[in-house]
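1. attaching a predicted model along with its sequence, questions to come.
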Amino acid sequence: MMERAVGIGSALVLGGTGMLKGCSAELVEQGWQVVLPSRRARLAPGQAVREAVRRRGHVPTPRASAGGTGGSVVEVAADWSRPQELAGLVGDALLRPAGLLVAWVHDSYRVPVLEAVAPLLEAGAPVVEVHDISAVSPTGGLPEPVLPGHPTQQVVLGFVRRDGRTRWLSHEQTASGVMEAVRRALAGDPPSVRQVGEVDTWEVRY
């Protein structure tokens, strides 16, 4: 059962062990307790994020926050097709209700997964939803945020064009763009949509 504890807070990052590893690592460095559901949670708890911290040139030790609690990371096994089971595992791992949700979940699982973890969030906790180009409809645009009771920053990940060629965003570009949205969310900025790279659903990008 979750209970409040001293410290900067708990963050739930869905999809945070792939291209968002840098984002997860930065939250840990800031002193957050980061819970990472992952389909590949077979490493030692937090190893993927600690490796990301190490590659960035930092010593992978908890950083003390103003409240005296260092950051930490816990990876839990995730099966996106079983959202209630996932939510139960996350609830067991959280030290307190999550004060931040960052979510990059495939569109086919997005709504049931976010609705399942919603009770694990603090009231009014900010949300950052991450979308790739496939989620953008040429006629309807982005889907509406799943959790209307939580102020939501949305990030659309595109591609970069150089010398007549295109490529997808790098891990670093992705994490940087998402972290900018996280900073806006934590600062209490109004909900907005942030585009990282170019987004053109009609463009051939191969």
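-> Done, it's in. This one's a predicted model, so the numbers in the text were calculated from it and none came from an experiment.

2. rounded mean pLDDT for stretch 126-134, please.
-> Average pLDDT, stretch 126-134: 90.

3. could you pull out the buried residues of that stretch?
-> Neighbour-count burial for stretch 126-134 flags 126, 127, 128, 129, 130, 131, 132, 133 (criterion: 16 or more other CB atoms under 10 Å). Where you see a C-beta, it was placed from the backbone N, CA and C, and this is true even at glycine.

4. which one of these is nearest residue 179?
-> Closest approach to residue 179 among the buried residues of stretch 126-134 (CB to CB): residue 128, at 9.2 Å.

5. residues contacting the helix or strand where the closest one lies, please?
-> Under DSSP states H and E, the secondary-structure element containing residue 128 is strand 127-132. Residues outside strand 127-132 that contact it (CB atoms under 8 Å, 6 or more residues apart in numbering): 15, 20, 100-104, 114, 121, 142-143, 145-147, 150-157, 178, 181-182, 185.

6. change it to 6 Å
-> Strand 127-132 is contacted from outside by 101-104, 147, 150, 152-157, 178, 181-182, 185, using CB atoms under 6 Å, 6 or more residues apart in numbering.

7. and stretch 97-104, by the same measure?
-> 2, 9-15, 114, 120-122, 125, 127-130.

8. can I have the buried ones of those residues as a ChimeraX selection?
-> Command for ChimeraX that selects the buried part of these, burial taken from 16+ other CB under 10 Å:
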select :9,10,11,12,13,14,15,114,120,121,122,125,127,128,129,130
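
9. all set, thanks.
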